[in-house]
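Asks: Build me a model from this:
(one chain, ligands or ions: 1)
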Amino acid sequence: MKTEQQKEILLEVNNLKTWFPVKKGVFRSTVGHVKALDGVSFTVYKGETLGLVGESGCGKSTLGKTLLRLVKSQQGSVLYHDEAESVDLLKLDEKSMGAYRKKMQIVFQDPYSSLNPAFTIFTSLKDPLNRFGIHGKAAQRKLIGDLLEAVNMRPEYMDRYPHEFSGGQRQRIGIARALSVDPQLVICDEAVSALDVSIRAQVLNLLLELKEKRNLTYIFITHDLSVVEYISDRIAVMYLGKIVELAPTQGLYDHTMHPYTQALFSAIPLADLDAKKQRIVLEGDVPSPVNPPSGCSFHPRCRYCMDRCRTEEPLLQPYEIEGNLHYVACHLMDTKSYQKVKRGE
Ligand code: SF4
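Replies: Here you go, the predicted model:
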């Protein structure tokens, strides 16, 4: 098993909490909090694609935005490991954060709304270049032309407007814009979810190609389990603001440990029409993140729920499962024979 120490860490997230106030009444007083992220910890290694999956509302998009400080977190740290030093992004002032925004970019789901319809592609793409110190029209046109070629589009398209492109082309432009400042980490937030299946495959392959050529690291947020299996090296499963399972992709699909992941994966359609799979239907709705259940937040819907699950929160612990480092937050793991791995092994 490749140990964590043998891999180079890019991002280390510790106990991240992002809560949004719920306000009520004439005086808009705070009566509670939506706990969108409630103690999330994980590591992103250089050059990997970390998939982030879960039902809508589980906090995965908030996590992407919190890492980029597009939304404010209340607690925790996001350590960016850069050459010899590591910097807590949540502690930086706005000016110092600017340098890290250049290293971390995001591609959103809806490329149309992220491109100004009144601007040509050149105007939209030169904005980040100006912000990060790449000036001069000739240099910018050359760079944008190269970027469009990198995403398999013609350089002359830079003088057209967003409405002249299809959804797939607009998403390629969104990717070109993210790459324009030469980032190390790209967060793809449902980046292919709005695309037709055939176009989706093209954009996924493009992302894989660009990752190889430019040494990129991806955090790939999606609710589509077939997409995440295709593109990810490791997958983290989120439920109600927490990561409940995290493992290398094949290890997770072969040995799904958490009851929530088992239910989620049981809904993936099989390619073989004759093959049979038992679908696990989850009872009830996702509980409110304003008032999450005590103990394990999945316990009201879990078919294995034990007494301790109602009161004691399971921690995300590392295990060695069939040669993989596999993190699981479930009390059931205490009843199995898997070996717990000490941190850093
Ligand atoms: Fe189910 Fe208990 Fe595991 Fe939660 S801790 S997933 S309730 S078995």
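Asks: State the next helix or strand along the chain beyond the longest helix anywhere in the chain.
Replies: Secondary structure of the chain per DSSP state H: the longest helix is helix 197-214. Next along the chain after helix 197-214, taking DSSP states H and E as the criterion, comes strand 217-221.
Asks: Show me what that following strand is packed against.
Replies: Counting by 3 or more CB pairs under 8 Å, 6 or more residues apart in numbering; DSSP states H and E, the packing neighbours recorded for strand 217-221 are strand 29-45, strand 49-53, helix 60-67, strand 185-189, helix 197-214, helix 225-231. Using the backbone N, CA and C atoms, a C-beta is placed for each residue, glycine as well.
Asks: Mean pLDDT added to the ones you listed, as JSON lines?
Replies: Below are the helices and strands packed on strand 217-221 laid out as JSON lines (pLDDT from 0 to 100):
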{"stretch": "strand 29-45", "mean pLDDT": "94"}
{"stretch": "strand 49-53", "mean pLDDT": "97"}
{"stretch": "helix 60-67", "mean pLDDT": "94"}
{"stretch": "strand 185-189", "mean pLDDT": "95"}
{"stretch": "helix 197-214", "mean pLDDT": "91"}
{"stretch": "helix 225-231", "mean pLDDT": "91"}
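Asks: Of all those, which one is nearest residue 7?
Replies: The minimum distance between residue 7 and the helices and strands packed on strand 217-221 falls on strand 29-45, with 4.3 Å, by CB to CB.
Asks: Just name whatever secondary elements the closest one is in contact with.
Replies: Looks like strand 29-45 contacts strand 9-24, helix 60-67, strand 75-82, strand 217-221, strand 242-248 (3+ CB pairs under 8 Å, 6+ apart).
Asks: if we go to 7 Å?
Replies: Applying 3 or more CB pairs under 7 Å, 6 or more residues apart in numbering; DSSP states H and E, we find strand 29-45 packed against strand 9-24, helix 60-67, strand 242-248.
Asks: Helices along the stretch 201-345 of the chain, start to end?
Replies: 225-231, 249-254, 259-266 (DSSP state H, counting those that start in this stretch).
Asks: Out of the helices and strands packed on strand 217-221, the one nearest the ligand is which?
Replies: With CB to the nearest ligand atom as the measure, strand 29-45 is the member of the helices and strands packed on strand 217-221 nearest the ligand (14.7 Å).
Asks: which of the helices of the stretch 201-345 of the chain is buried the deepest?
Replies: Sort the helices of the stretch 201-345 of the chain by mean neighbour count, taking mean count of other CB atoms under 10 Å, and helix 259-266 sits at the top with a mean of 20.
Asks: By mean pLDDT, which helix or strand of this structure comes out lowest?
Replies: Ranked by mean pLDDT, DSSP states H and E, the weakest helix or strand in the chain is strand 339-340, scoring a mean of 86.
Asks: so what secondary structure elements neighbour that strand?
Replies: strand 317-321.
Asks: what's next to the strand it packs on, contact-wise?
Replies: 1, 251, 255, 325, 326, 327, 328, 333, 338, 339, 340, 341 (CB atoms under 7 Å, 6 or more residues apart in numbering).
Asks: how about the helices and strands packed on strand 217-221 in a markdown table, adding distance to residue 143?
Replies: A markdown table is the format used below for the helices and strands packed on strand 217-221 (distance: least, CB to CB, whole Å):
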| stretch | distance to residue 143 |
| --- | --- |
| strand 29-45 | 27 |
| strand 49-53 | 25 |
| helix 60-67 | 26 |
| strand 185-189 | 17 |
| helix 197-214 | 14 |
| helix 225-231 | 27 |
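Asks: deepest of the ones you listed, which one?
Replies: strand 49-53 (a mean of 26).
Asks: what separates that strand from the chain centre, distance-wise?
Replies: Mean C-alpha position of strand 49-53 versus that of the full chain (CA atoms, centre = their mean, to the nearest Å) differs by 5 Å.
Asks: Now do that strand against strand 9-24, angle only.
Replies: 20 degrees (axes from the mean of the first three to the mean of the last three CA atoms, to 10 degrees).
Asks: Can you name the residues that contact residue 132?
Replies: Residue 132 touches 102, 181, counting by CB under 7 Å, 6+ apart.
Asks: how about the residues of the stretch 201-345 of the chain near the ligand?
Replies: Along the stretch 201-345 of the chain, the residues adjacent to the ligand under the rule CB under 6 Å from any ligand atom are 258-259, 296, 298-299, 302, 304-306, 309, 314, 330-332.
Asks: Just the buried residues from these, in PyMOL please.
Replies: Remark: buried members of those, expressed as a PyMOL selection using 16 or more other CB atoms under 10 Å:
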select buried, resi 258+259+296+298+299+302+305+309+314+330+331+332
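Asks: still on that earlier bit, direction included, what does the least confident helix or strand of the chain pair against?
Replies: With DSSP bridges as the test, strand 339-340 is paired with strand 317-321 (antiparallel).
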